[in-house]
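Undergrad: Take this sequence and fold it.
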Amino acid sequence: MYKKQVPFKDFNGKPHTTTVHFNLTEREIFKLMGEFQIVLDWFESMRGPERQLETAEVVNFYTAFEDILLAAYGIPSDDGFYFRKGGRYDFEESALFNACMVDFVSNPTEVGKLIEAIMPKGLEDLIKTADENLVRAAKETDDEDVQAQIQKLQAELAEARKENGQN
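TA: Predicted structure coming up:
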């Protein structure tokens, strides 16, 4: 979980400071793999000599990061059993969300901290186990359509590992 104090002004110009929380489960990470890849590719492309940014790549990064931030926003329950995300649309329409986006986009170090903090521990092991289960399922089925789908999923997992520098 990532927690951050965010100062902002509401739409009436009144100043506030609010603590926001961001968290993603493994299931949510899987759904956002494409967005994470765009953000990670962006960071990789920023290493090295300074370069001119294309408008399309800036828009692509911003859109992907916004999707991640909105999916990760929530309110933890006091007992720790839940991370309520029902207020996503209220958050998206708020001055607080605007301040969060401006803060993160202005400070790439904070984006890196957020991504690191919301990545579930043991995710690599989970992906490896999922791949092993796909291999086993492929060997155990005679249905050619199912085997083709399993092979496609294996290729996607292998590509995701390759892009993330994993073996």
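Undergrad: so where's this structure shaky on pLDDT?
TA: 122-128, 131, 138, 141-143, 147, 160-167 (pLDDT under 70).
Undergrad: And it, what are its domain boundaries?
TA: 2-120, 124-163 (automatic domain parsing).
Undergrad: mind listing what's buried in the helix or strand residue 100 falls within?
TA: Using DSSP states H and E, residue 100 sits in helix 95-106. Buried residues in helix 95-106, defined by neighbour count with 16 or more other Cβ atoms under 10 Å: 95-97, 99-101, 104. Every residue, glycine included, has its C-beta placed from N, CA and C.
Undergrad: Same check on stretch 53-66?
TA: Those would be 60-62, 64-66, for stretch 53-66 by 16+ other Cβ under 10 Å.
Undergrad: Quick one: mark the members of those that sit in helices.
TA: When DSSP state H is applied, those are split such that 60-62, 64-66 fall in helices.
Undergrad: how many neighbours does residue 22 have?
TA: The number of residues packed near residue 22 is 21, by other Cβ atoms under 10 Å.
Undergrad: Leaving out chain neighbours, which residue sits closest to it?
TA: Excluding the flanking residues, the one nearest residue 22 by Cβ to Cβ, 6 or more residues apart in numbering is residue 72, at 3.9 Å.
Undergrad: give me the number of residues near that neighbour?
TA: 25.
Undergrad: Was I right to think it contacts residue 25?
TA: No. Taking contacts as Cβ atoms under 8 Å, residue 72 lies outside contact range of residue 25: 9.9 Å.
Undergrad: shared neighbours of the two, anything?
TA: Residues touching both residue 72 and residue 25 (Cβ atoms under 8 Å, 6 or more residues apart in numbering): none.
Undergrad: Identify the residues contacting the closest residue to residue 17 other than its chain neighbours.
TA: Of all residues not flanking residue 17 in the chain, residue 7 sits nearest, at 4.6 Å (Cβ to Cβ, 6+ apart). Neighbouring residues of residue 7 by Cβ under 8 Å, 6+ apart: 15-17, 99.
Undergrad: Out of the residues you listed, grab the one that's most surrounded.
TA: Of the contacts of residue 7, with other Cβ under 10 Å as the count, residue 99 tops at 19 neighbours.
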